[in-house]
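**Student:** sequence-free structure coming up:
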């Protein structure tokens, strides 16, 4: 009959086996999501590339460059930070925080004290609040749950405050997805548009976008479309990066479970062998003792 220790070890083996199956299933799901997320990001990039090409065509006239650049007033700097709301994604958030700290120090020389922050993801909000930063907008939900409509609302909010002079510059700190094994924390200037943003590549040809109406209104609509497209692409790249880092964390967890499961199975095997050996020795000793007692009368 199994001892209490053997029962505990068997239960541990069952628990580790179940955990291994769950981790493996989650890892496969995460891996399957990466191509879809990358396609979504690349489609958004293609969209705002066309918008930028149209802006470049308009900018060739010269008189609209200032309008495209936006405000150059004395407003503050706003940094939008994109992090996760969940754990189990390895160094993903820490890399974003390191990138943000480096950028904040270089931009203002005073760290987080001279700028405002907007943040997507619970982890980023918690980090900024602990650092004493001024968080003016926070979205506490999983990045994969943020819709295009919500990003359009965020884009409108950023544009309104930029055009109104509240913010002279808007930056985004996010993680750019490269492939299933690599991501890169990145900082980019979203507003105002720089000359590099809307500089047209002559080899790309004319924009596929058709437009009518006054040039100023047209530029406003195009800039709005560009900002929304850019924000959505950065969001999807960040989601893909989060999934990529989570997959690597799951792989590491899976290896840890395998190691522990192997060690526990070995422990169980040794314990079972010990119990069987003890039982066999008990039988042998009993038989030997009985034989000796029978021979004594003789």
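**Tutor:** Everything's here; your move. Just so it is clear, the structure is predicted and the values come from calculations on it, not from any experiment. Residues are numbered from 1 along each chain as shown.
**Student:** let me know the helix or strand that residue 229 is in.
**Tutor:** Counting by DSSP states H and E, the element that carries residue 229 is helix 215-295.
**Student:** and that helix, what does it pack onto?
**Tutor:** Helices and strands touching helix 215-295, by 3 or more Cβ pairs under 8 Å, 6 or more residues apart in numbering; DSSP states H and E, are helix 4-59, helix 65-69, strand 76-82, helix 92-108, helix 148-163, strand 167-179, strand 182-191. The way it works is simple: take the backbone N, C-alpha and C, and place the C-beta from them, glycine included.
**Student:** which of the helices and strands in this structure ranks last by mean pLDDT?
**Tutor:** Here the helix or strand of the chain ranked lowest by mean pLDDT, DSSP states H and E is helix 65-69, holding a mean of 50.
**Student:** if the closest residue in space to residue 190 that isn't next to it in sequence is in a bridge, with which residues?
**Tutor:** Counting by Cβ to Cβ, 6 or more residues apart in numbering, residue 190 lies nearest to residue 170, which is 4.7 Å off, once chain neighbours are set aside. Beta-bridge partners of residue 170, counted by DSSP bridges, are residue 78, residue 191.
**Student:** and residue 170, what does it touch?
**Tutor:** 77, 78, 79, 80, 158, 162, 189, 190, 191 (Cβ atoms under 8 Å, 6 or more residues apart in numbering).
**Student:** same thing but 10 Å
**Tutor:** Neighbouring residues of residue 170 by Cβ atoms under 10 Å, 6 or more residues apart in numbering: 70, 75, 77-80, 116, 118, 158-159, 161-162, 188-192, 227.
**Student:** remind me which residues of the protein are low pLDDT?
**Tutor:** The chain contains residues with pLDDT under 70 at 1-2, 41, 44-73, 108-113, 194-216, 289-298.
**Student:** gap between the residue nearest to the spatial centre of it and residue 192?
**Tutor:** Taking Cα atoms, centre = their mean, the centroid of the chain lies closest to residue 242, which sits 2.3 Å from it. Distance of residue 242 to residue 192, given as Cβ to Cβ, to the nearest Å: 29 Å.
**Student:** please apply the same query to residue 223.
**Tutor:** Counting by Cβ to Cβ - residue 223 and residue 192 are separated by 9 Å.
**Student:** what's the answer for residue 75, then?
**Tutor:** 11 Å.
**Student:** which of the contacts of residue 170 are buried?
**Tutor:** Listed as buried from the contacts of residue 170 are 70, 75, 77-80, 116, 118, 158-159, 161-162, 190-192, 227; burial here means 16 or more other Cβ atoms under 10 Å.
**Student:** can you tell me how far the residue nearest to the centre of the chain sits from residue 3?
**Tutor:** 46 Å.
**Student:** repeat that for residue 105.
**Tutor:** The value you get for residue 105 to residue 3, if Cβ to Cβ is used, is 61 Å.
**Student:** same question for residue 260.
**Tutor:** Residue 260 sits 21 Å away from residue 3, going by Cβ to Cβ.
**Student:** which one of the two has more residues nearby?
**Tutor:** The neighbour count for residue 260 versus residue 3, taken as other Cβ atoms under 10 Å, is higher for residue 260 (15 against 11).
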